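Student: Here is a sequence together with a model predicted from it:
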Amino acid sequence: MKLYGMALAFKTSLEEQSLARLTADEMVTFLVEAEWDDRNNRRITRRIHNARFRYKANLEQIDFAVDRNLDKNMMNRLAECSYIDKSENILISGSTGIGKSYIASAFGNQACMLGYKVFYASTAKLFSMLKIAKADGSYIKETSRIEKQDLLILDDFGMQPFDHHSRNALMEIIEDRHGKRSTIITSQLPVKQWHEVIGEQTIADAVLDRIVHNAYRIELNGESLRKRQQSALTLN
């Protein structure tokens, strides 16, 4: 029956001789809870593995002491993941090295912990992959998989202008998810410059209309954390 958690708990209890202190009902409850915990932990591990996060990040490790324009109250509210239930988006912008990808990964990890399906991707790599999928006939399968994710994280958005194929794929993904799923986008560019990066005015208007107006905005300021960490290592 593949009751791995129950078997491990029973074996451990035998070794520690703790089962003798339990009544029959308590022992059954103990074993059932151990099995539930084990299955839940394996589900979380599987979700995190499938999400392919850039960083092993969690919200508890985010440094609020550094002045990066982070609203701790808003971050704590977003940690509840109610924005996913409401199909709302999060847009994170700021200069390179400021921690955008880490924060996005932390939000994604939190969503996995709470039972949501998440997919994380570098924007440029994702659309390169979709271009190849268009050629080999797997495009519909890939876009369908993306559509089903409760949370899609597009990292490094706008690092290069969108070509015709990428622009159309972006429009299709955003249209499929609009009002049904949530998306987190990180970018070095402020949101007001995204229109230019997307390119064609009609598609850019449609995409931004669907992702910006129901989005939480996190606009990070300050010095690159990478440079700060390198400076600290040099001084040590």
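Tutor: Okay, I see it.

Student: okay, the residue nearest the centre of the chain: pLDDT?
Tutor: Closest residue to the average C-alpha location of the chain: residue 108 at 2.5 Å, with Cα atoms, centre = their mean. Listed pLDDT for residue 108 reads 96.

Student: Can you give me the neighbour number for the residue nearest to it when sequence neighbours are not counted?
Tutor: Nearest-residue entry for residue 108: residue 118, 4.6 Å, with adjacent residues in sequence omitted and distances by Cβ to Cβ, 6 or more residues apart in numbering. Every residue, glycine included, has its C-beta placed from N, CA and C. For residue 118, the neighbour count with other Cβ atoms under 10 Å is 25.

Student: Quick check on residue 118: phi, psi?
Tutor: phi -130, psi 140 (degrees, to the nearest 10).

Student: Now do the same contact list for it.
Tutor: 47, 51, 108, 111, 112, 149, 150, 151, 152, 153 (Cβ atoms under 8 Å, 6 or more residues apart in numbering).

Student: just residue 106 next, same as before
Tutor: So residue 106 contacts 55, 57, 58, 59, 61, 62 (Cβ under 8 Å, 6+ apart).

Student: Dump the residues you listed into JSON lines; add secondary structure as well.
Tutor: Formatted as JSON lines, the contacts of residue 106 follow (DSSP: H, G, I helix; E, B strand; the rest coil):
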{"residue": "55", "secondary structure": "coil"}
{"residue": "57", "secondary structure": "coil"}
{"residue": "58", "secondary structure": "coil"}
{"residue": "59", "secondary structure": "helix"}
{"residue": "61", "secondary structure": "helix"}
{"residue": "62", "secondary structure": "coil"}
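
Student: Out of those, flag the one nearest to residue 161.
Tutor: residue 55 (26.4 Å; Cβ to Cβ).

Student: Just give me the neighbour total for the closest residue to the closest one other than its chain neighbours.
Tutor: What sits nearest to residue 55 in space, not counting adjacent residues and going by Cβ to Cβ, 6+ apart, is residue 105, at 4.3 Å. Neighbour count of residue 105, defined by other Cβ under 10 Å: 24.

Student: so residue 105 is in which element?
Tutor: Using DSSP states H and E, residue 105 maps to helix 100-113.

Student: May I see the buried residues of that helix?
Tutor: 100-113 (16 or more other Cβ atoms under 10 Å).

Student: And stretch 153-164, by the same measure?
Tutor: Those would be 153, 154, 155, 156, 157, 158, 162, for stretch 153-164 by 16+ other Cβ under 10 Å.

Student: Export the residues you listed to JSON lines and append columns for secondary structure.
Tutor: Shown next, in JSON lines, are the buried residues of stretch 153-164 (three-state DSSP):
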{"residue": "153", "secondary structure": "strand"}
{"residue": "154", "secondary structure": "strand"}
{"residue": "155", "secondary structure": "strand"}
{"residue": "156", "secondary structure": "coil"}
{"residue": "157", "secondary structure": "coil"}
{"residue": "158", "secondary structure": "coil"}
{"residue": "162", "secondary structure": "coil"}
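
Student: Between these, which sits nearest residue 128?
Tutor: Distances from residue 128 to these, taken by Cβ to Cβ, are shortest for residue 162, at 11.7 Å.

Student: Can you show me the strands along the chain?
Tutor: Here the chain has its strands, by DSSP state E, at 89-93, 118-122, 151-155, 182-187, 215-219.

Student: out of the ones you listed, which comes closest to residue 2?
Tutor: Residue 2 sits nearest to strand 118-122 of all the strands of the chain, at 25.5 Å, using Cβ to Cβ.

Student: Adjacent strands (with direction) for the closest one?
Tutor: strand 151-155 (parallel) (DSSP bridges).

Student: Now tell me what touches the strand it pairs with from outside.
Tutor: Contacts for strand 151-155 (Cβ under 8 Å, 6+ apart): 54, 84, 100-101, 104-105, 107-108, 111, 116-123, 126, 146, 173, 177, 181-186.
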